[in-house]
Structures are given as structure tokens and as C-alpha cells.
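Q: What follows is a predicted structure for the sequence shown.
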Amino acid sequence: MDEHDRALCEHYGKMLGLEPGWEVSRVELSTQMMKLELGVEWVNAGAICAECGKTCTPHDLAPERRWRHLDAMGFETQIVSRSPRANCGEHEIHQMKVPWAGKHSRFTLAFEALAIKVLQACRSVKPACDLLKINWDAAPEIMKRAVKRGDERRVLDQLKAVGLDEKSFQRGQSSVSVMVDLERGAPRVLDVCDGRKKEDAIKLLKKVPEPVRGRGRGSGNGPQRAPPGHRGGGALESRGRV
Ligand SMILES: [Zn+2]
């Protein structure tokens, strides 16, 4: 790698905000396809066990994986990497976690955060997927992972207000109901379930812990869903205090 390439890789490494140990080793730009591909490598000698976090002997490299990242100046950006597999005496051979994405996701955490905002701002999933240039079936997976991350942060017991929204798929033939936290700056997805009926809304609201639901201080009517057939807007049309 010459000096120019090295500087380019460092530049993209800074843009990605890579953690120590990870470096951009390859930059491929296709101006015709408007695509940018960033090869990222683990450059430290030891590999980190995904189970216990200990530095272990690297066993080999896992097969190549790709993650869609935020577009860079309109170029659809992908991170490509083969993460090392750590040979931990206690946990056998495990693939190292990558800091930019969740375990099974094809998208980086930064892309998923953007996707959630776009999904919440759009009337239905189709235009959101078109804007994001993702397949419609990726949207519920992104939402479910956002929910899981929310659960992991144990925020449900601090909830003050939730909103219910519906998102339709396949030209309205199927829908999901989405519950969001309304009191943390931008609404954040808490949970998703299939369907858009009243019982689906109740199913979602039951996920809120009982003591939190008991802190009710709202209208007294409980959460309301939008009338059937109402597609909803970017704004959350159905609100209920818990
Ligand atoms: Zn281990």
C-alpha cells in the first residue's frame, strides 16, 4: 500500500470511528454504480473472545461478511470484513464481535439508527424502504433489533409515555403495530408485533411492566388506536399515557 492509499484508508477509518484494533485496509469506489466499499481488518495480534472478552490466540478468519453503512456523499457504502475467530481455552472457538454491527445484522448500528428514524417518519414501510434502498423484509428485522437493544438498556421501567403506530407492508396487505417511547427526544421503538387490530395493540401495551402501567396519569381512556383504514402519518397518531 503506498502513502496515498494509506492516507485514504486512515481517512475512512476516522469517518467510521473505528475502535482501536480495527483499520480500513481497502477502499473501492465505483463512480458508475455510486458504490463505496470499505475493507476493514482486525490488526492486533490477539483475538477477543466474544463470550468472556479475553484476548486469545486467533484460530483463523471467519468467512467474509458485508454490512450496509450510511451512504457517504450519496455513495451506497458497505463495510466488508473477515473477523478473526478466537480460540478461547474456556469457550472454544468463537467469532470476534464487530463493534459496528449487531450479531446477525446485515446493517451497521449507525444505518439501523437512521432506518428507524426514516421508518417512523414515513406513512408506511414501502416509501421508507425505497428511501433507504433496502428490501421491505429488512424493515421489521431492523425494528426488532432496535427493540432488543432497547430491552437490553432496561428502559421499560422508566417509561412515561408510549405511542402506538402501524406500518403497512405489501401495499397494505399486511401490517405491524409499533410501540414507541415518546419522551426521549426522538421517539424510539420499544416493540413490534404483527397485525394492526385492537388486540395487537393490547398485546404490545402488556409488554410495559405492570408497575409502570399503574403509574397512569393520562386521559383515563387508555390508549386509543386510529380508526380502521386510517394509514397514519409520520406523527404517531395513537397515544396513550402509561
Ligand atoms: Zn472466552
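A: Perfect, I can see it now. Residues are numbered from 1 along each chain as shown.
Q: Can you pull out the residues in contact with the strand or helix carrying Arg6?
A: Element membership for Arg6 (DSSP states H and E) is helix 3-16. The contact list for helix 3-16 (C-beta atoms under 8 Å, 6 or more residues apart in numbering) reads 1, 22-27, 38, 40, 69, 72, 79, 100. C-beta here means a position set from N, CA and C on the backbone, and glycine is covered the same way.
Q: Which members of those residues occur in strands, if any?
A: Trp22, Glu23, Val24, Ser25, Arg26, Val27, Leu38, Val40, His69, Ala72, Ile79 (DSSP state E).
Q: buried subset of those?
A: Neighbour-count burial (16 or more other C-beta atoms under 10 Å) is assigned, among the ones in strands among the contacts of helix 3-16, to Trp22, Glu23, Val24, Ser25, Leu38, Val40, His69, Ile79.
Q: quick revisit: and which of the ones in strands among the contacts of helix 3-16 is nearest to the ion?
A: Trp22 (19.6 Å; C-beta to the ion).
Q: list the contacts for the closest one?
A: Gly13, Val40, Glu41, Trp42, Val43, Val98, Pro99 are the contacts of Trp22 under C-beta under 8 Å, 6+ apart.
Q: For the second one, which non-adjacent residue is closest in space?
A: Put plainly, it is Val40. Ser81 (4.4 Å; C-beta to C-beta, 6 or more residues apart in numbering).
Q: got the angle between the host helix or strand of Phe111 and helix 3-16?
A: Using DSSP H and E, Phe111 sits in helix 109-121. Here helix 109-121 runs at an angle of 50 degrees relative to helix 3-16 (axes from the mean of the first three to the mean of the last three C-alpha atoms, to 10 degrees).
Q: Start at 6, not 1
A: Understood, numbering begins at 6; the last thing we discussed is helix 114-126.
Q: By neighbour count, which bits of helix 114-126 are buried? Give me those.
A: Neighbour count says helix 114-126 has Leu114, Phe116, Glu117, Ala118, Leu119, Ala120, Ile121, Val123, Leu124, Gln125 buried, by 16+ other C-beta under 10 Å.
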